[in-house]
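In: give the three-dimensional model of this entry:
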Amino acid sequence: AVRGIGGYHLLCDASSEAAVRRLRDRKRRPDKPLAVMFPQRGADGLDAAREDLEIGAVEQAALRDPARSIVLVSRRANGRLAPSVAPGLGEVGAFLPYSPLHHLLLAAFGGPVVATSGNVSGEPVLIDPVEAERRLATVADAFLHHDRPIVRPADDSVVRIAAGRARPIRLGRGVAPLELELPAELPEPVLAVGGHLKLTVALAWGRRVVVSPHV
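Out: Residues are numbered from 1 along each chain as shown. A predicted model of the protein is given here:
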């Protein structure tokens, strides 16, 4: 369990089927795909990712964007990623390191790692070291903390390439809160909230709308 800038990640060797299965069992996440972080290597930083993924120009731009969102990318049939990373799917959620600690870890390890949210499935992301060690005691083999406070939790953003553009399907770290301009002015302020446990909140007034991160 590694403390990042928006919460904890659970990391394991993405090429080891045994490690990925063990993580799934402990996290109680049997089927949902897991995101993979690749070391930054080569002139554009994507040489390591190209060993496992089919990366076109649009995917390249999305992966290298400073927001460092998770990007859904087609996987190579002869890649090294464990089958349990994304069972039955032809795509993998891939992203590059976005903090100095991530860069050091990935450079030292030399290969891709599963980097999934540091929580038990269905619970919020953890940001406090003491709480993380308590809640993840039966999940993680070890903990890597740092002393940079996390003011508020933030899940990783997720984008999908559609019609030649990277389009967000989950707003989070590096992207939200997101402010947009409305095509017409509202007669009064409007608050929109999701209908279940996982949601975003939008507050609109005038010709402005601000969308919250995924909660």
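In: contacting residues around stretch 177-184?
Out: 171, 204, 206, 207, 208, 209, 210, 211, 212, 213 (Cβ atoms under 8 Å, 6 or more residues apart in numbering). Using the backbone N, CA and C atoms, a C-beta is placed for each residue, glycine as well.
In: which among those count as buried?
Out: 171, 204, 209, 211, 212, 213 (16 or more other Cβ atoms under 10 Å).
In: give me the most central residue, the protein.
Out: By Cα atoms, centre = their mean, the chain has its centre lying nearest to residue 156, at 3.5 Å.
In: could you pull out the strands in the protein for me?
Out: Assigned by DSSP state E, the chain shows strands spanning 2-3, 8-13, 36-37, 70-74, 91-95, 113-117, 158-162, 165-170, 178-181, 190-192, 202-205, 208-211.
In: dump those strands into a markdown table; add distance to residue 131 as well.
Out: As requested, the strands of the chain are arranged in a markdown table below (distance: least, Cβ to Cβ, whole Å):
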| stretch | distance to residue 131 |
| --- | --- |
| strand 2-3 | 11 |
| strand 8-13 | 10 |
| strand 36-37 | 23 |
| strand 70-74 | 24 |
| strand 91-95 | 25 |
| strand 113-117 | 14 |
| strand 158-162 | 25 |
| strand 165-170 | 23 |
| strand 178-181 | 28 |
| strand 190-192 | 30 |
| strand 202-205 | 29 |
| strand 208-211 | 28 |
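In: okay, buried residues for stretch 6-22 please.
Out: 6-16, 19-20.
In: ok, stretch 188-200 next?
Out: Those would be residue 200, for stretch 188-200 by 16+ other Cβ under 10 Å.
In: got the contact list for that stretch?
Out: With Cβ under 8 Å, 6+ apart as the contact definition, stretch 188-200 has outside contacts at 122, 171, 176, 201-205, 211-215.
In: and the angle from the lowest-mean-pLDDT helix or strand in the chain to strand 70-74?
Out: Least confident element among the helices and strands of the chain, by mean pLDDT, DSSP states H and E: strand 165-170 (a mean of 92). Strand 165-170 and strand 70-74 are oriented at 120 degrees to each other (axes from the mean of the first three to the mean of the last three Cα atoms, to 10 degrees).
In: now strand 165-170 against strand 158-162, angle please.
Out: Using the same axes, to 10 degrees: strand 165-170 against strand 158-162 is 140 degrees.
In: give me the neighbour count for residue 34.
Out: When counting by other Cβ atoms under 10 Å, one arrives at 24 neighbours for residue 34.
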